[in-house]
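In: Based on what follows, work out the 3D shape:
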Amino acid sequence: MWKLVQNMENKHILCITLFIAFIGCNNSPNDDKNKSIPINIFKAKSEQMESYLKLKEKIITMGDTESYSSLSTASLDNPTEDFLPWALVMANKYHFTQAYLDVYFCLNSMSNEFDKNDVRSLKLLDNKTRTMAIEYLKKAAEQKHPQAMSILGHYYVEGRYLIKDEKLGNNLIVESEKLFKELYNR
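Out: So this is what the prediction gives:
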């Protein structure tokens, strides 16, 4: 008899434990924890958008190069063309050297064709857009941007998109290498 009572008590304890566990594990959509996740995601997105708006305002009104660099980094997850307006503002209004090169890269990224060196080709762009890309590349090179000078130098040496001028092209390449060394081998 004692064993029967003991087994019944164990069954009751087991049933109560299972019932409590079942209620405790219930993840219904009405759970407060589940309600706060979308709100937190929305709040984070809203704060991110507000941050982008502040960066964009500083770019437009002050030509702030730190804001421009931050927006450039934040834009890496987006299509390059989305960054083009901000590069144009910084290049045209504030003459920021990196922005001239960024305009070139934004326009260049619109082409899906690659050349023999696995570099995007400007061939698929219409003449006006290609000319615009090269003009912005030249402006960056004129302001002694080493990467722009190197790219432009190779275009001149190869006669690609420009009239072939090996002397000018080699001079640009050599000067860009000197600038790279000065910048990175201090």
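In: so what's the residue nearest the centre of the chain scoring on pLDDT?
Out: Among the residues of the chain, the smallest C-alpha distance to the mean C-alpha position (CA atoms, centre = their mean) belongs to residue 76, namely 0.8 Å. At residue 76, the pLDDT value in this model is 83.
In: what's around residue 123, how many residues?
Out: 12 (other CB atoms under 10 Å). Heads up, the C-betas are built off the backbone N, CA and C, glycines and all.
In: just wondering, since we're on it, how far is it from residue 110?
Out: Counting by CB to CB, to the nearest Å, the separation of residue 123 from residue 110 is 12 Å.
In: can you check residue 148 too?
Out: Here the distance between residue 148 and residue 110 works out to 18 Å (CB to CB).
In: And the helices in this structure?
Out: In order along the chain, the chain carries the following helices (DSSP state H): 2-24, 32-62, 65-74, 84-92, 97-108, 127-142, 146-158, 166-184.
In: In a markdown table: the ones you listed, plus mean neighbour count.
Out: Formatted as a markdown table, the entries for these read as follows, by neighbours: other CB atoms under 10 Å:
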| stretch | mean neighbour count |
| --- | --- |
| helix 2-24 | 9 |
| helix 32-62 | 12 |
| helix 65-74 | 16 |
| helix 84-92 | 19 |
| helix 97-108 | 23 |
| helix 127-142 | 18 |
| helix 146-158 | 21 |
| helix 166-184 | 14 |
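In: For the chain, which residues score under the pLDDT cut-off?
Out: Within the chain, the segments meeting pLDDT under 70 span 1-45, 112-120, 186.
In: redo that, cut-off 50
Out: Residues of the chain that meet the criterion pLDDT under 50 lie in 1-8, 18-19, 34.
In: quick check: domain ranges of it?
Out: 49-136, 144-186 (automatic domain parsing).
In: residues near residue 162, how many?
Out: Residue 162 is flanked by 16 other residues according to other CB under 10 Å.
In: Who are the contact partners of the nearest residue to it once chain neighbours are set aside?
Out: With CB to CB, 6 or more residues apart in numbering as the criterion, residue 162 has its nearest non-adjacent residue at 5.1 Å, and that residue is residue 155. Residue 155 sits next to 134, 137, 161, 162, 169 when contact means CB atoms under 8 Å, 6 or more residues apart in numbering.
In: Same check on residue 101?
Out: Applying CB under 8 Å, 6+ apart, one finds that residue 101 lies in contact with 136, 137, 140, 145, 147, 148.
In: Next one: it from residue 54, what distance?
Out: Noted for residue 101: a distance of 24 Å to residue 54, by CB to CB.
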